[in-house]
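1. Next one to model:
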Amino acid sequence: MGAKNKTPEQRLSILELAESLGNVSEACRQSGMTRTQFYKFKQRYQEQGEEGLKDLPPIPKSHPMAATPELVAQVLALAMKHPACGCNKLESLLAAEGKQLSNVTIQKILQRHQMGNRRDRWLALEKQTIDPAFRANGEQLAFIERANPCFRERHAKAERPGERLCQDTFLVGPFRGVDKIYMHSVVDTFSSYAFCLLHISKQPEVAIALLQHDVLPFFKHHQLAVSSIFTDGGREFHGEATHPYESFLRMNDIRHQHLPAKRPLINGFVERFRQTVLDEFCRTAQREKGFNTMESLQNNLDKWLRHYNGERRHVGYPNNGSAPGAAVRDFISSRK
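-> Predicted coordinates:
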């Protein structure tokens, strides 16, 4: 609205002009008032008289019924203590403590403090676990481990790249034009750096090929020794004393740790990588055409791995926002 029709008297004159002209649009054009503003003031004039043509008082910056800082702190503490609970449950927990706050208000408080969804609360909890003085309860630990399976293996976190690797084989196919495919993968528990090889076989020779051609040369290039490899009890990794995989590890002075074959999903680092590669690579590749050979599919996977290791930031434990390649480089720089 123009400055010339700010006062109640000026607004009243415009209403009278419109009535005399019999044309609201023309009155608005001459006065610089929009039709929306005209009808707003007309309604207020009809309801309140000239008093309705005055400017409304400014909206207060704080509401008299707004949650107190103490109550806001209590809501945030409850959300961290019970991270899997929704706003309805948090409302009930507050009511049990004699505090009344609607679930809508609770949601607004959580959103204002970047805790409005489960992912935000998961990351906030993981940041707290870095503090040695913080003691997570069972509910919090279970919540974090569901979101980040490798957090469950934090007691076994390596002190350097290559100290402890995890190796696994899992079915990822079929793809268009390619039969059933297995993915052989190795993940470094220090940096989450990953290596992958696609093959139609689960034989030990394929698992060895991944180590011999990709994994060991990478760590040798960075002058880092591979000390141990953690696997499940699958036949490609475990067997008699003459088993090829076991023999290869002994020949390279690598300690082999393995889990029972009936418990394949308790290696958190592999679980998390498996979910990532399925979500971000395999399900996309399965919808695309043109993968008529294993070579073309492996080339595409290698391209995705370069992004995963070099650019993709890993939120939460153990990288806390850095890419796997950056974690390896940072360690190497710290030794100099």
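
2. in the chain, which spans are strands?
-> Assigned by DSSP state E, the strands in the chain fall at 164-171, 182-188, 194-199, 228-231, 255-258.

3. Can you lay out those strands as a markdown table showing mean neighbour count, distance to T242 and mean pLDDT?
-> Yep, even glycine has a C-beta here, placed from its N, CA and C like the rest. As requested, these are exported to a markdown table (neighbours: other Cβ atoms under 10 Å; distance: least, Cβ to Cβ, whole Å; pLDDT from 0 to 100):
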| stretch | mean neighbour count | distance to T242 | mean pLDDT |
| --- | --- | --- | --- |
| strand 164-171 | 22 | 20 | 91 |
| strand 182-188 | 24 | 21 | 93 |
| strand 194-199 | 20 | 22 | 94 |
| strand 228-231 | 21 | 18 | 92 |
| strand 255-258 | 14 | 14 | 86 |
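
4. Give me the residue ranges of this structure where confidence is low.
-> When residues are selected by pLDDT under 70, those of the chain lie in 1-5, 59-66, 176-178, 260-266, 286-292, 336.

5. Out of the strands of the chain, the one nearest G22 is which?
-> strand 194-199 (77.3 Å; Cβ to Cβ).

6. Give me the distance between the two termini of stretch 197-206.
-> End-to-end distance of stretch 197-206 (Cα to Cα, to the nearest Å): 8 Å.

7. Quick check: buried residues in that stretch?
-> 197-199, 202-204, 206 (16 or more other Cβ atoms under 10 Å).

8. among these, which two are most distant?
-> It's L198 and P204 that sit farthest apart of those, by Cβ to Cβ, at 16.5 Å.

9. Run through the residues that contact A225.
-> A225 is in contact with 162, 219, counting by Cβ atoms under 8 Å, 6 or more residues apart in numbering.

10. Export the strands of the chain to TSV and append columns for distance to M294.
-> Formatted as TSV, the strands of the chain follow (distance: least, Cβ to Cβ, whole Å):
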stretch	distance to M294
strand 164-171	15
strand 182-188	11
strand 194-199	6
strand 228-231	23
strand 255-258	28
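
11. Between the ones you listed, which one is closest to N319.
-> Judging the strands of the chain by Cβ to Cβ, what sits closest to N319 is strand 182-188, at 10.9 Å.

12. quick check: angle from the closest one to strand 164-171?
-> Strand 182-188 and strand 164-171 meet at an angle of 160 degrees, taking axes from the mean of the first three to the mean of the last three Cα atoms, to 10 degrees as the criterion.

13. so where do the helices sit in the stretch 1-150 of the chain?
-> 8-21, 24-31, 35-48, 69-81, 87-96, 103-112, 118-129, 138-147 (DSSP state H, counting those that start in this stretch).

14. Now do the buried residues in the second one.
-> In this case it means helix 24-31. Here helix 24-31 shows 24, 27-28, 31 as buried, counting by 16+ other Cβ under 10 Å.

15. Next, count neighbours for the spatially closest residue to E271 that is not a sequence neighbour.
-> Setting aside the residues directly before and after it, E271 is nearest to P149 in space (Cβ to Cβ, 6 or more residues apart in numbering), at 3.9 Å. For P149, the count of nearby residues is 20 (other Cβ atoms under 10 Å).

16. is it true that P149 touches F273?
-> No: at 9.5 Å, P149 does not count as touching F273 under the criterion of Cβ atoms under 8 Å.

17. what about the helices in the stretch 151-300 of the chain?
-> 204-210, 216-221, 244-251, 268-277, 283-285, 294-310.

18. Tell me which of these sits most buried.
-> Mean neighbours per residue, mean count of other Cβ atoms under 10 Å, is largest over the helices of the stretch 151-300 of the chain for helix 268-277, with a mean of 21.

19. just how off-centre is it within its chain?
-> 14 Å (Cα atoms, centre = their mean, to the nearest Å).

20. Can I get that helix as CSV, trimmed to CA atoms?
-> Extracted in CSV, the C-alpha atoms of helix 268-277 (Å, rounded to 0.1, in the frame of the first residue of the first chain):
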residue,chain,number,x,y,z
GLY,A,268,28.1,-54.7,11.3
PHE,A,269,30.6,-53.2,8.9
VAL,A,270,29.6,-55.6,6.2
GLU,A,271,25.9,-55.3,7.0
ARG,A,272,26.1,-51.5,6.6
PHE,A,273,28.1,-51.7,3.3
ARG,A,274,25.7,-54.4,2.0
GLN,A,275,22.7,-52.1,2.5
THR,A,276,24.5,-49.2,0.9
VAL,A,277,25.6,-51.0,-2.2
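
21. For Q167, give me its contacts.
-> Applying Cβ under 8 Å, 6+ apart, the residues near Q167 are 184-187, 207, 210-211, 229-231, 237, 270.

22. who's it bridged to?
-> Counting by DSSP bridges, Q167 forms beta bridges with V186.
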